[in-house]
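Visitor: I'd like to go over a predicted model; first the sequence, then the structure.
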Amino acid sequence: MTVLTGAEVFVDGELKKLDIALEEDKICALGRNLEGEEHVDCSGKLILPGVIDVHVHVRDLKQSHKEDWESLGRAAIAGGVTTVFAMPNTDPPLDTVERVHDYRRRAQAAKINAKIYGAITSENYKDLENLASHVDAFKLYLGETTGHLIVSEKRLHREIFKIVTETEKILTVHAQRGGDPKDVTRHEVDDICYVLDLAAAYETKLHIAHVTTQRAVETILEAKKSKLDVSFETCPHYLYFTAKDRERHGAWLKMNPPLATEDDREFLWWALAEGLIDIVATDHAPHTVEEKSVGYEKAPAGVPGVEFLLPLLFDAVNADRLSLARLVEVCCTNPARRFGLSHKGEIAVGQDADLVVVDPDRKQAITREAVQSKCGWSPYEGLTLRGWPVMVFVLGRPLP
Ligand code: DOR
Ligand code: ZN
């Protein structure tokens, strides 16, 4: 048995000075002066549930030059992320049982918990019932982006919502059509209303990916007042950057959906602090420095983020922009609840021993040299943040 001593532990919504005892992959005791063969001194640190990032593009396969499971695992561990949900717009896409199995096998190289999204395409949608027992959730693209998995026919959308509802899996939707950044942002609400209507018609468990604007958030909150089973996420880049930053940094801040206005950004912080946002996920979308260096039009969309989600939000906690309780809610508890991980997302006896040890006062700048993701850069380079993860436990195993 391993005992973590001396830390303040986030339990039942607050920090408490407690020891945590780990037995194999579980938390087996919480208390004072716990006995154990091995002690890990965590004095001066906080211990939080491991972060669950529900939106990560791991790549691997034919795009392992951008990222593979091993490099993704390093980046996640550095960022306090112990579970990721991997997106299926890989090359080739995760649209068959065989490909999903192969991807799951590869994921072991990451040393973290890997959940896998199944892709929905115009070709495989009739077979989703079969695929359902092999995947952790489904992803539908209503907009064009990396991987070209867009499904455009409205008739198919109805069929897909109906079939996925029967599988009882979460349906995560990329609900923004592509195009000029200004138009995409303007259309966000229309596209979200469209999927909310479908979810209402079929009683689907809907999750809306990467929400960027005030109006979109307000639209979803309004829909939640009726019986709809809907959740949504925003991403750290929408909290830190706006379209103005994109004008200055070009392709480095090109992503789908694109950055919105300063008012939207401010609203997202406010909504986050108020507990109106369900989940913050990174949409970690690694593309290499070379791929991003070819000008805005030609460069692929997406920015990496998995290793900085926790520091970016913890810095906001230190700045009194956000409470620690909200951080844990949007990064740990809510992702676990929404995506059915009943043994994760909180620190309690019997829960999985997925933990992150945070040094709340460590001040560190984000530099390109220190980036762990294979893509080799970060949109947050140059930022100095206070509060960094120093180690994680994944199912009881200390890392790195
Ligand atoms: O910017 C993005 N990049 N948005 C997406 O939806 C996909 C992602 C990627 O896979 O590169
Ligand atoms: Zn994505």
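Guide: Sure, I can see it. Ligands and ions are numbered 1, 2, ... in the order given.

Visitor: could you use CA atoms for every contact and neighbour count after this?
Guide: Will do.

Visitor: near ligand 1, which residues of the stretch 251-400 of the chain?
Guide: Within reach of ligand 1 by C-alpha under 6 Å from any ligand atom, the stretch 251-400 of the chain has these residues: Met255, Asn256, Ala285, Ala301, Gly302.

Visitor: quick one, which of those are buried?
Guide: Neighbour counting with 16 or more other C-alpha atoms under 10 Å marks Met255, Asn256, Ala285, Ala301, Gly302 as buried within these.

Visitor: need the residues of the stretch 251-400 of the chain next to ligand 1 in a markdown table (columns: secondary structure and pLDDT).
Guide: Compiled in a markdown table, those are given as follows (DSSP: H, G, I helix; E, B strand; the rest coil; pLDDT from 0 to 100):
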| residue | secondary structure | pLDDT |
| --- | --- | --- |
| Met255 | coil | 96 |
| Asn256 | coil | 95 |
| Ala285 | coil | 98 |
| Ala301 | coil | 96 |
| Gly302 | coil | 98 |
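
Visitor: may I have the worst-scoring helix or strand of the chain on mean pLDDT as PDB, with CA atoms only?
Guide: One helix or strand of the chain scores below all others by mean pLDDT, DSSP states H and E: helix 181-202, with a mean of 93. Taking C-alpha atoms only, helix 181-202 is exported to PDB below (Å, rounded to 0.1, in the frame of the first residue of the first chain):
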ATOM      1  CA  PRO A 181     -14.000  32.400 -39.900                       C
ATOM      2  CA  LYS A 182     -16.500  35.300 -39.600                       C
ATOM      3  CA  ASP A 183     -19.300  33.200 -41.200                       C
ATOM      4  CA  VAL A 184     -18.500  30.200 -39.100                       C
ATOM      5  CA  THR A 185     -18.800  32.100 -35.900                       C
ATOM      6  CA  ARG A 186     -22.000  33.700 -37.100                       C
ATOM      7  CA  HIS A 187     -23.500  30.300 -38.000                       C
ATOM      8  CA  GLU A 188     -22.600  28.700 -34.700                       C
ATOM      9  CA  VAL A 189     -26.000  29.200 -33.200                       C
ATOM     10  CA  ASP A 190     -27.900  28.000 -36.300                       C
ATOM     11  CA  ASP A 191     -25.800  24.800 -36.400                       C
ATOM     12  CA  ILE A 192     -26.300  24.200 -32.700                       C
ATOM     13  CA  CYS A 193     -30.100  24.800 -32.900                       C
ATOM     14  CA  TYR A 194     -30.100  22.200 -35.700                       C
ATOM     15  CA  VAL A 195     -28.600  19.500 -33.600                       C
ATOM     16  CA  LEU A 196     -30.600  20.500 -30.500                       C
ATOM     17  CA  ASP A 197     -33.800  19.900 -32.500                       C
ATOM     18  CA  LEU A 198     -32.500  16.500 -33.700                       C
ATOM     19  CA  ALA A 199     -31.600  15.600 -30.100                       C
ATOM     20  CA  ALA A 200     -35.100  16.600 -28.900                       C
ATOM     21  CA  ALA A 201     -36.800  14.600 -31.600                       C
ATOM     22  CA  TYR A 202     -34.800  11.400 -30.900                       C
END
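
Visitor: what does that helix contact?
Guide: 158, 161-162, 165, 173, 175-178, 204-206, 208, 212-213, 215-216, 219-220, 223, 227-230, 257-260 (C-alpha atoms under 8 Å, 6 or more residues apart in numbering).

Visitor: same check, this time on stretch 83-101
Guide: For stretch 83-101, the external contacting residues (C-alpha under 8 Å, 6+ apart) are 50-63, 103, 112-121, 124, 131, 134-135, 139, 146-149.

Visitor: how long is it end to end?
Guide: Stretch 83-101 has an end-to-end distance of 18 Å (C-alpha to C-alpha, to the nearest Å).

Visitor: and it, what's buried?
Guide: For stretch 83-101, the buried set under the neighbour-count rule, 16+ other C-alpha under 10 Å, comprises 83-90, 93-97, 100.

Visitor: and what of stretch 123-141?
Guide: So for stretch 123-141, counting by 16+ other C-alpha under 10 Å, buried means 125, 128-129, 131-132, 134-141.

Visitor: helices of the stretch 51-200 of the chain, start to end?
Guide: With DSSP state H, counting those that start in this stretch, the ranges of helices along the stretch 51-200 of the chain come out as 69-78, 97-107, 128-132, 154-167, 181-202.

Visitor: now the two most distant members of the residues of the stretch 251-400 of the chain next to ligand 1.
Guide: Asn256 and Ala285 (10.0 Å; C-alpha to C-alpha).

Visitor: shared neighbours, those two?
Guide: Ala301, Gly302.

Visitor: which regions of the protein lie under the pLDDT threshold?
Guide: Residues of the chain meeting the criterion pLDDT under 70: none.

Visitor: okay, the helices of the stretch 51-200 of the chain in JSON lines with distance to ligand 1 next?
Guide: Shown next, in JSON lines, are those (distance: least, C-alpha to the nearest ligand atom, whole Å):
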{"stretch": "helix 69-78", "distance to ligand 1": "14"}
{"stretch": "helix 97-107", "distance to ligand 1": "16"}
{"stretch": "helix 128-132", "distance to ligand 1": "21"}
{"stretch": "helix 154-167", "distance to ligand 1": "18"}
{"stretch": "helix 181-202", "distance to ligand 1": "12"}
